[in-house]
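sequence first, then the predicted structure, then my questions.
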Amino acid sequence: MSGFVEKPEPAQVPGLVHLHTGKVRELYRDEAGDLVMVASDRTSAYDWVLPTEIPDKGRILTQLSLWWFDQLADLVPNHVLSTELPAGAPADWAGRTLVCKSLRMVPVECVARGYLTGSGLAEYEESRTVCGLALPEGLVNGSELPAPIFTPATKAAVGDHDENVSYEEVARQVGAETAAELRRTTLDVYGRARDIARERGIVLADTKFEFGYEDETLVLADEVLTPDSSRFWPADRWQPGRAQPSYDKQFVRDWLTSAESGWDRTSEQPPPALPQEIVEATRAKYVEAYELLTGTAWN
C-alpha cells in the first residue's frame, strides 16, 4: 500500500471546480477555463504522502518556481498567467497559488541528469547505462557525467513510482518530433539552470520538468527547479564516491528509515508522524536553497 496517510479535504471556493488532489498540489479550474494550482505544505517520501506538513513549503516551492520561470523566459514560455488570489479563496492560499494556462500536457516526466545518483546510479552499477544510454566505466555515486543526459519517465499516480523509459519509447508514445523537442528543451533548460545554480554554490545534480502544448508551442508547466523536483547539493561539499548532502527532504527519508521511527517501509503500514526537529530541519533546508538561489531572504 501507499498513497495518502490522511487524504486531505480540498477547500471549496465559489467559482472554482476542484479537479485533482496531488501529492503536494490542489488543482482547480476557474470560470474562464484557466487552471488554479495551490501548493500545500504536504510532503511525501517512499510513495507516501505523510501526515505531517512542513510549514511554508508550498510557498517556497511556488516563489522559487516563479523566480526560475523568470530566469528561463528567453528559452521556453511558461504556463503562469497570474499570481492573484481568486475571489473568495482562503487567505492561506496567498503566496502559494498560481493561475495557469490550460495546456495539452505531455504524459512524460522530462528528466535531465548531469550527475550520477539515485535510480540512474542503480542502473549504471548493473549495466553501465542509464535509461539505456551507455556511460563510460569508472563513474561512482555523485560523479559528473561527461555531458548531461535526457532520461524520461512515465508520470505515475499518487502512491506509485515513476518508471524510467527509453527515449525510443517516448518517441513511440508522443511522436519523433515531439520527443526531439522535449529532449532538446529539457537539456537547454537544465544547462541554463545548472550554470545559474553553480554560480550560487549549488550543484544541480538532476531535475524533472513537465511540459504541455498551447496550440503548437511547447510550454514549461507545473513547478520547476525546486528541492521537490531536483537534487541540489552544496558545491563546497560535493565529493564523488559517497551519498551527497542535499537541500531537500533527505532528513525526512533518513528519519523514516531509522530505528527511531519504528517504521518498516516494506510493510503495508503507513509511516508515522514526523518529530518537530525533523520538520524544522527540513524547512530550514528549503529556506536555505531558496535564499542561496534567489539571493533574497525568505520572509
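Looks like it came in fine.

hey, let's count contacts and neighbours off CA atoms from now on
Noted.

the worst-scoring helix or strand of the chain on mean pLDDT: what's the following helix or strand?
In the chain, the helix or strand scored least confidently by mean pLDDT, DSSP states H and E is strand 163-164, which has a mean of 84. With elements assigned by DSSP states H and E, the helix or strand that comes after strand 163-164 is helix 167-174.

how far is that following helix from where the chain is centred?
Relative to its parent chain, helix 167-174 has a centroid offset of 22 Å by C-alpha atoms, centre = their mean, to the nearest Å.

neighbouring contacts of it?
Residues from elsewhere that reach helix 167-174, judged by C-alpha atoms under 8 Å, 6 or more residues apart in numbering: 106, 108, 131, 150, 151, 152, 177, 178, 179, 180.

buried sites along that helix?
Residues 167, 170 are the ones in helix 167-174 that count as buried (16 or more other C-alpha atoms under 10 Å).

how near is residue 267 to residue 260?
Residue 267 sits 16 Å away from residue 260, going by C-alpha to C-alpha, to the nearest Å.

let me redo that: residue 272
Counting by C-alpha to C-alpha, the gap from residue 272 to residue 260 is 11 Å.

okay, these two: which has more neighbours?
Neighbours were counted for residue 272 and for residue 260 using other C-alpha atoms under 10 Å; residue 272 has more, 14 against 8.

circling back: partner strands of the least confident helix or strand of the chain, parallel or antiparallel?
strand 153-154 (antiparallel) (DSSP bridges).

now the strand it pairs with: average pLDDT?
For strand 153-154, the mean pLDDT works out to 88.

ok, stretch 41-49 next?
For stretch 41-49, the per-residue pLDDT averages 92.

quick one: residues in contact with that stretch.
In this structure, residues lying in contact with stretch 41-49 by C-alpha under 8 Å, 6+ apart are 2-6, 23-24, 50-59, 158-161, 252-253, 265, 270-271.

ChimeraX command for the buried members of those?
Selection of buried members from those for ChimeraX, criterion 16+ other C-alpha under 10 Å:
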select :2,3,4,5,23,24,50,51,52,53,54,55,56,57,58,59,158,159,252,270,271
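
so where is the chain shaky, pLDDT-wise?
Where the chain drops to pLDDT under 70, the residues are 1-2, 156-161.

now with 50?
The model of the chain has pLDDT under 50 over residues 1, 159.

how about the helices of the protein, start to end?
Using DSSP state H, the helices of the chain run over residues 57-71, 118-127, 167-174, 176-199, 250-256, 276-294.

now for those, which one comes closest to residue 146?
Closest of those to residue 146 is helix 176-199, at 13.2 Å (criterion: C-alpha to C-alpha).

report the distance from the closest one to the chain centre.
15 Å.

show me what that helix is packed against.
strand 108-115, strand 144-150, helix 167-174, strand 202-214 (3 or more C-alpha pairs under 8 Å, 6 or more residues apart in numbering; DSSP states H and E).

give me the buried positions along that helix.
Within helix 176-199, the residues that qualify as buried are 179, 182-183, 185-191, 193-194, 196-197, counting by 16+ other C-alpha under 10 Å.

contact partners of it?
Applying C-alpha under 8 Å, 6+ apart, the set of residues contacting helix 176-199 from outside is 72, 75-76, 110-112, 148-150, 167, 170-171, 203-204, 207, 209, 211, 225, 235, 293.

now that helix against strand 108-115, angle please.
Per axes from the mean of the first three to the mean of the last three C-alpha atoms, to 10 degrees, the angle that helix 176-199 makes with strand 108-115 is 40 degrees.

now helix 176-199 against helix 57-71, angle please.
Using the same axes, to 10 degrees: helix 176-199 against helix 57-71 is 100 degrees.

quick one: work out the angle between helix 176-199 and strand 202-214.
Using the same axes, to 10 degrees: helix 176-199 against strand 202-214 is 150 degrees.

keeping just the C-alphas, turn helix 176-199 into PDB.
This file holds the C-alpha atoms of helix 176-199, laid out as PDB (Å, rounded to 0.1, in the frame of the first residue of the first chain):
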ATOM      1  CA  ALA A 176       9.500  11.500 -33.000                       C
ATOM      2  CA  GLU A 177       9.200  15.300 -33.500                       C
ATOM      3  CA  THR A 178       7.700  15.900 -30.000                       C
ATOM      4  CA  ALA A 179      10.200  13.600 -28.400                       C
ATOM      5  CA  ALA A 180      13.100  15.500 -30.000                       C
ATOM      6  CA  GLU A 181      11.700  18.900 -28.900                       C
ATOM      7  CA  LEU A 182      11.200  17.600 -25.300                       C
ATOM      8  CA  ARG A 183      14.800  16.300 -25.200                       C
ATOM      9  CA  ARG A 184      16.300  19.500 -26.700                       C
ATOM     10  CA  THR A 185      14.300  21.800 -24.500                       C
ATOM     11  CA  THR A 186      14.900  19.800 -21.300                       C
ATOM     12  CA  LEU A 187      18.700  19.800 -21.800                       C
ATOM     13  CA  ASP A 188      18.700  23.500 -22.700                       C
ATOM     14  CA  VAL A 189      16.800  24.400 -19.600                       C
ATOM     15  CA  TYR A 190      18.900  22.100 -17.400                       C
ATOM     16  CA  GLY A 191      22.100  23.600 -18.800                       C
ATOM     17  CA  ARG A 192      21.000  27.200 -18.000                       C
ATOM     18  CA  ALA A 193      19.800  26.200 -14.500                       C
ATOM     19  CA  ARG A 194      22.900  24.200 -13.800                       C
ATOM     20  CA  ASP A 195      25.100  27.300 -14.600                       C
ATOM     21  CA  ILE A 196      23.000  29.700 -12.500                       C
ATOM     22  CA  ALA A 197      23.000  27.300  -9.600                       C
ATOM     23  CA  ARG A 198      26.700  26.700  -9.800                       C
ATOM     24  CA  GLU A 199      27.400  30.500  -9.600                       C
END
